[in-house]
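Colleague: kindly generate the corresponding structure for this input.
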Amino acid sequence: MSDAAMGSHSSSVHMQSKPTGTALIILLLVLALGIGYALRGLITDITSAGTPPLAIGAFVLLGVALLIALGFEFVNGFHDTANAVATVIYTRSLAPTAAVILSGSLNLLGVLWSSGTVAFGIISLLPVELILHVGTGAGYAMIFSLLIAAIIWNLGTWWRGLPASSSHTLVGSIIGVGLANQLLAGRSGVSGVDWSQAGKVFEALIFSPLVGFALSGLLLLLLKFLIRIPALYKAPEGNAPPPLWIRAILVLTCSSVSFAHGSNDGQKGMGLIMLILIGVVPTAFALNHAMPASATPGFIAATTQAEMVFQAHVGGAPIPNATAARAALETAVEKRALQGGASWAALDAIAADIADQVQTHGSMGSIPAAAVSNVRNDMYLTAQTLKLGGAALTGTEKTNVAAYSRLLTRSTQFIPPWVKVAVAIALGLGTMVGWKRIVVTVGEKIGKTHLTYGQGAAAEIVAAITIMAADRFGLPVSTTHILSSGIAGTMAANGSGLQWDTVRDIALAWILTLPCAMLLSGVLFTILRSVL
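Modeller: This is a model prediction of the structure:
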């Protein structure tokens, strides 16, 4: 980065403050309790499912995979959440130590509150054949390569002090694995990526910085028009904190962004951890054991209604056996299109087979260990195929199929509480270390003048609202993109000017994130697949 990008204004913010002994004791206590709870949850789930003791190799593989996944969330914490604390630190609203502890705590709560929709939206980008066979060497190679690639790129951009997007990085890593998988299989490479789903993610990631820039700038101008208090639009003087009411607003907006970041970004690690657990211990995690036996009659009734819809669209195609039906559904999902009546016939056959398994054994948790993986894969394939057939259905048919699809999703897409706790702790602790490099960039090097109270509040209000809205719709938006562009938007609206060397470096990092992450993960997948 050039000298100009280092900032024409320097901050007197004291970045070297240390946490108190009491704070350290509390953090260590939370860490110990969280680790204990997560380990207890993992052991309880495995034991209650009747899983035989894991072999040493499988146990080691599970431990390494979970550490890498939690390592990604840890890096994500200090890489992304530095954006949230920059405003309260540079407006003197909170001391650095207090800011990162507050942000880390709110990140933790955000993860625990999250819905899980983003987690499985990320998973849907992965190649179907690798998801269905996640317990194989290729499945492990997929998980290791995309996580390691994301960690490498995140650490590289953090070292340069560039607020790049962890969401963007993870999506690029997933696409790289998909393309490499298909190229190794001798196909075109296009079918390994669900480009329709990837397109939705790209739209969210591209749209978010535009939203951050425009809305933050407009909100600042609106605040100046409605709230004509000069103190709100001045830079801090010395190290004195702002007036109490301004300080309260900025602490609230920082807390909101941190909470929203946890609720959205924390889910990405959750989905990948669930894939790891399904691959290593399918009997405990492939199906949702929390669904009681009392839910079985409703599941069978929904299946019956869905089968009537499938049979109405078969069009004379023969009903295949289960093996042929699975192959037909895999073909439809891979080609992203139903193959006429044959696909509907395959759906009918698989739906009947799933219902027979559930009804025979009484509940999801009672399905024998030997059949769990097949039932889970059948449910996943059916749910993915149903996403392709909506245009051919009437209103009532769509309602019945949607109800059946929701039950399939609920049966296979779930996150145990201990997984949320483990991710929450990793993300929260990551928030509390390594934050300084990106905080300095956001606070000093984007605009030519010092950040004002109003600018910080406007950027964080827009960021919090945008991220929370994306969480509800299952879109993995970038906290970094929204908040960094929001700061730039307020600088432009305020007439403060931008440091274009820094803006150029950040934009270049954003542009390079996808191709570099794709290349890293593709190369790693090729190497690890041959090894594993």
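
Colleague: mind listing what the residue sitting furthest away from the middle of the chain touches?
Modeller: Using CA atoms, centre = their mean, the residue of the chain lying farthest from its centre is residue 316. It sits 42.8 Å away. Shown in contact with residue 316 (CB atoms under 8 Å, 6 or more residues apart in numbering): residue 341. (C-beta placed from N, C-alpha, C; glycine too.)

Colleague: any idea how far it lies from residue 93?
Modeller: 70 Å (CB to CB, to the nearest Å).

Colleague: so which residue is dead centre in this protein?
Modeller: Nearest to the chain centroid, counting by CA atoms, centre = their mean: residue 268, 2.4 Å.

Colleague: and the residue farthest from the centre of the chain, what pLDDT?
Modeller: With respect to pLDDT, residue 316 has a value of 83.

Colleague: got the phi/psi numbers for it?
Modeller: In this entry, residue 316 is assigned phi and psi values of phi 90, psi -10 (degrees, to the nearest 10).

Colleague: swap in the one 10 residues further on?
Modeller: The phi and psi values for residue 326, taken as degrees, to the nearest 10, are phi -60, psi -40.

Colleague: and it, how many neighbours?
Modeller: 21 (other CB atoms under 10 Å).

Colleague: next, the contact list for it, please.
Modeller: 346, 350, 377, 378, 381.

Colleague: just those: which are in strands?
Modeller: With strands taken from DSSP state E, there is no overlap with those.

Colleague: whichever of these end up buried, select them in ChimeraX.
Modeller: With 16 or more other CB atoms under 10 Å as the criterion, this ChimeraX line picks the buried residues out of the contacts of residue 326:
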select :346,350,377,378,381
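
Colleague: turn the contacts of residue 326 into a markdown table, including distance to residue 246 and pLDDT.
Modeller: Output for those, formatted as a markdown table (distance: CB to CB, whole Å; pLDDT from 0 to 100):
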| residue | distance to residue 246 | pLDDT |
| --- | --- | --- |
| 346 | 62 | 94 |
| 350 | 60 | 94 |
| 377 | 55 | 90 |
| 378 | 57 | 92 |
| 381 | 55 | 90 |
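
Colleague: residue 77: which of the contacts of residue 326 is nearest?
Modeller: residue 377 (33.4 Å; CB to CB).

Colleague: I figured residue 171 hits residue 513, correct?
Modeller: No. Using CB atoms under 8 Å, residue 171 is not in contact with residue 513; the gap is 9.0 Å.

Colleague: what's around residue 185, how many residues?
Modeller: 14.

Colleague: kindly report the same for residue 403.
Modeller: There are 14 residues near residue 403, going by other CB under 10 Å.

Colleague: list the contacts of it.
Modeller: With CB under 8 Å, 6+ apart, residue 403 has these contacts: 302, 305, 306.

Colleague: mind listing what's buried in the helix or strand hosting it?
Modeller: Per DSSP states H and E: residue 403 is located in helix 395-412. Within helix 395-412, the residues that count as buried by 16+ other CB under 10 Å are 397, 400, 401, 404, 405, 407, 408, 409, 410, 411, 412.

Colleague: rebuild the residues you listed as CSV, extending it with pLDDT.
Modeller: What follows is the buried residues of helix 395-412, written out as CSV (pLDDT from 0 to 100):
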residue, pLDDT
397, 91
400, 92
401, 92
404, 94
405, 92
407, 92
408, 92
409, 88
410, 88
411, 89
412, 86
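
Colleague: tilt between the longest helix along the chain and helix 395-412?
Modeller: Assignment by DSSP state H gives helix 244-280 as the longest helix of the chain. Interaxial angle, helix 244-280 versus helix 395-412 (axes from the mean of the first three to the mean of the last three CA atoms, to 10 degrees): 80 degrees.

Colleague: may I have the next helix or strand after helix 244-280 exported as CSV, CA atoms only?
Modeller: Next helix or strand after helix 244-280 toward the C-terminus (DSSP H and E): helix 282-285. Extracted C-alpha coordinates of helix 282-285, given in CSV (Å, rounded to 0.1, in the frame of the first residue of the first chain):
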residue,chain,number,x,y,z
PRO,A,282,-24.0,-40.4,9.8
THR,A,283,-26.0,-42.5,12.3
ALA,A,284,-26.1,-39.5,14.7
PHE,A,285,-26.3,-36.5,12.3
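
Colleague: helices of the stretch 301-450 of the chain, start to end?
Modeller: Counting by DSSP state H, counting those that start in this stretch, the stretch 301-450 of the chain has helices at residues 322-335, 341-361, 369-386, 395-412, 417-431, 436-440.

Colleague: quick one on the thing from earlier: quick check, nearest of the buried residues of helix 395-412 to residue 60?
Modeller: Using CB to CB, the buried residues of helix 395-412 come closest to residue 60 at residue 412, 26.6 Å.

Colleague: isn't that closest one right up against residue 376?
Modeller: Yes. Under the criterion of CB under 8 Å, residue 412 makes contact with residue 376 at 5.6 Å.

Colleague: okay, and the common contacts of these two?
Modeller: With CB under 8 Å, 6+ apart as the test, residue 412 and residue 376 both reach 286, 287.

Colleague: quick one, the helix holding residue 403 and helix 369-386 angle?
Modeller: Going by the same axes, to 10 degrees, helix 395-412 makes 140 degrees with helix 369-386.

Colleague: so where is the stretch 51-200 of the chain shaky, pLDDT-wise?
Modeller: Along the stretch 51-200 of the chain, the parts satisfying pLDDT under 70 run over 81-82, 186-194, 196-198, 200.

Colleague: before we move on, what about the stretch 351-500 of the chain?
Modeller: In the stretch 351-500 of the chain, residues with pLDDT under 70: 390-391, 434, 471, 473-477.

Colleague: tell me where the stretch 151-300 of the chain has helices.
Modeller: So, for the stretch 151-300 of the chain - with DSSP H, counting those that start in this stretch - the helices run 166-184, 195-226, 244-280, 282-285, 296-312.

Colleague: now the phi/psi pair for residue 498, please.
Modeller: The phi/psi pair for residue 498 (degrees, to the nearest 10) is phi -120, psi 150.

Colleague: burial of it, as a residue count?
Modeller: Count around residue 498 with other CB under 10 Å applied: 16.

Colleague: tell me how far it lies from residue 161.
Modeller: 17 Å.

Colleague: which one of the helices of the stretch 301-450 of the chain lies closest to residue 446?
Modeller: Of all those, helix 436-440 comes closest under CB to CB, at 10.6 Å.

Colleague: restricting to C-alpha, output that closest one in CSV.
Modeller: Only the C-alpha atoms of helix 436-440 are listed here, as CSV (Å, rounded to 0.1, in the frame of the first residue of the first chain):
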residue,chain,number,x,y,z
LYS,A,436,-6.3,-3.7,14.7
ARG,A,437,-5.0,-4.0,11.1
ILE,A,438,-8.4,-3.7,9.5
VAL,A,439,-9.8,-1.2,12.1
VAL,A,440,-7.0,1.2,11.1
